[in-house]
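*Asks:* This is the structure alone, sequence omitted:
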Ligand SMILES: Nc1ncnc2c1ncn2[C@@H]1O[C@H](COP(=O)(O)OP(=O)(O)OP(=O)(O)O)[C@@H](O)[C@H]1O
Ligand SMILES: [Mg+2]
């Protein structure tokens, strides 16, 4: 069924510093690629289900997914996806609705464990260790790999308790003063402190949708995870809050790895080092962000980022 | 655009039909509600009409001479064997001197309750120094006197058809005219155990029996039911076994309660040799009965906790236990409590299984522990409803009123608890 059009091995390390071409339009870029950037290609890859185009390897891999498949009962939602996430980098997952971005993200901190019908195969490692191994406690994993969900889901507790919950259960603060300072920095970094500092005892659910989402981000970074998974964190935010979160990502990626799902090409272009394009459960193309946006190598990627599908 | 125009026209065309349908539905709803309220009103009206008079009881004024000759013939007051009835009878003889001959006197004595002698005895027990003096007592009148005073005995019908003779009625009238009869609050109803004499019969024994049973039931069924629900919902693997358990629990909730009584008889009394007629066994049986209800309600409450809250906690690295106890339980608690109180209400009103384990016996003493023989409110109602005396009929209604008041209180507690615990998300 799978027709492999490409002649080279796509998982082989590719030179990410291949000539960057200044282009005015994607059309030009396509022409240019065909002539200059990839002379070995006679035509653009067009198949679904072929091997991933681009470069799934990261320079300094921290999380590595190898041949990951996810099944929801009979629904094969993720098909043989391999992807490396480097230290200190932001990887953006893009793709049409229902293509499996959230599903893949949830594999990375084993949130799919709690879905009875979900079955995950393949190998995912964090810092060289298999996260699905028997000895791995999902609790410890999720403390290292934090997650911000697609829909804001604050606890029906106070704003303070929402942010303090993670540090409390993991015993991150020795006393109330330290906990206070964790809560304050987290809210500050999520760009929420100014709005809520006088009402920390109000219920988290009394905030607006965008504020709730920032509260959830604050709650996640309060645990100080090493990898942060963000599922469309800005879909409910205004441009100012979005900018604040994007700044936060820039700041966080100095220490952490971030995987973000987004439907905004501009956002992916602004915040991410690498972009992974998913289509119907396949990882179609991964590469450096500027490369993918200027020079998509797969027809589907190009159609998606130019707005022809999705 | 012509499209919007035609849409508006089509909507307008259908509006009348929609409104009519709505009107019909609302009328039907109002009618149904009205019928319900009507039945409820009739029920309460008859209940209160029949039962309200039971809260009052006729008392008779007697000047009793605490004569040492009668009650301390050997010089020593014997509270157990002394003839206290003799004292009250003598006092009544003084009031109604026209009775002559043994048979007339015996007729006269029937106006007195057996409780009159006990009241004098209790007084003497508390005040031994009054021996030899004359004291005024308000003693309960016999239930037939009470019935006559309440208008429940028709004095106009033939003498042989009513429980009071013409002479007795004449005496009662003369006592009443002399101001020696008075209707007072019927404390005995709340302070006494069961009795063969309606004027002495109370529901305290049944109330205590019910209370002890409910204590056993709630302290077992709430923790067990909630724990089972949490285990089944949060920890148990979902497979054929858990499906089987689920089906069985649902079936158990529909099993007739008398079957649980038989089970209790076989297991708790015959096999475990627990005492018969004891609130402990009653409570255990009611636990079996209420557990399915509590488990089902608690599982529904747990299921209703939004998965997003669970995911949020899991995503932060909370363990399954922490998710359950920090997030799921607080949110599900109102629902669990509602289920528990519904179960308790059912347990309080249940009589059939108690018949099976011997809690239907005639028990005069008020139970003071979980193993004392006891009856329960609904069983007491059943027993009284079965008694031929007219005075027990009104007491039956009174007991039902008390039972309903208990249920009302429990439901009120449920509402208040739920209000206080409910949290929005
Ligand atoms: N809990 C679930 N149970 C069963 N199937 C699921 C579940 N979650 C997702 N799926 C299926 O998996 C596929 C991928 O869903 P996923 O949520 O990962 O899409 P997505 O890329 O995040 O889409 P969106 O951009 O709309 O959020 C879909 O076909 C969906 O129906
Ligand atoms: Mg999604």
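*Replies:* That came through, no problem. Computed from a predicted structure; not experimentally measured. Ligands and ions are numbered 1, 2, ... in the order given.
*Asks:* Which secondary structure state does residue B:80 sit in?
*Replies:* coil (DSSP: H, G, I helix; E, B strand; the rest coil).
*Asks:* burial of it, as a residue count?
*Replies:* 5 (other Cβ atoms under 10 Å in any protein chain shown). Just so you know, the C-beta spots here come from the backbone N, C-alpha and C atoms, and that holds for glycine as well.
*Asks:* With residue B:255 instead?
*Replies:* Neighbours of residue B:255 using other Cβ under 10 Å come to 13.
*Asks:* what do you get for residue A:180?
*Replies:* Counted with other Cβ under 10 Å, residue A:180 comes out at 14.
*Asks:* again, but for residue B:203
*Replies:* 26.
*Asks:* contacting residues around it?
*Replies:* Contact analysis of residue B:203 by Cβ atoms under 8 Å, 6 or more residues apart in numbering or on different chains lists B:189-190, B:377, B:380, B:398-399, B:402.
*Asks:* Distance of it relative to residue A:303?
*Replies:* Between residue B:203 and residue A:303 the distance is 82 Å, computed by Cβ to Cβ, to the nearest Å.
*Asks:* Can you tell me which residues in chain B are near chain A?
*Replies:* Chain B comes close to chain A at residues B:238, B:306, B:308-319, B:322, B:326-327, B:331, B:423-425, as judged by Cβ under 8 Å from any Cβ of the partner chain.
*Asks:* Buried among those? Make that a ChimeraX selection.
*Replies:* Here is the ChimeraX command that picks out the buried ones among the residues of chain B next to chain A, judged by 16 or more other Cβ atoms under 10 Å in any protein chain shown:
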select /B:308,309,310,311,312,313,314,315,316,317,318,319,322,326,327,331,425
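*Asks:* For ligand 1, give me its nearest residue in the stretch 301-425 of chain B.
*Replies:* Closest contact between the stretch 301-425 of chain B and ligand 1, by Cβ to the nearest ligand atom, is at residue B:307 (9.3 Å).
*Asks:* Now do the same for that residue: its pLDDT.
*Replies:* Looking at residue B:307, its pLDDT is 90.
*Asks:* Name the residues that touch stretch A:184-195?
*Replies:* Taking Cβ under 8 Å, 6+ apart as the rule, stretch A:184-195 contacts A:159, A:163, A:196-197, A:211, A:214-215, A:217-219, A:221-222, A:241, A:244-245, A:248, A:251.
*Asks:* Can you give me the end-to-end span of that stretch?
*Replies:* Start-to-end span of stretch A:184-195 (Cα to Cα, to the nearest Å) is 12 Å.
*Asks:* mind listing what's buried in that stretch?
*Replies:* So, applying 16+ other Cβ under 10 Å, buried residues of stretch A:184-195: A:184, A:186-187, A:189-193, A:195.
*Asks:* go on, stretch A:195-205?
*Replies:* A:195-196, A:200, A:203-205.
*Asks:* likewise stretch B:188-205?
*Replies:* Neighbour counts over stretch B:188-205 (16+ other Cβ under 10 Å) mark B:188-189, B:192-195, B:197-205 as buried.
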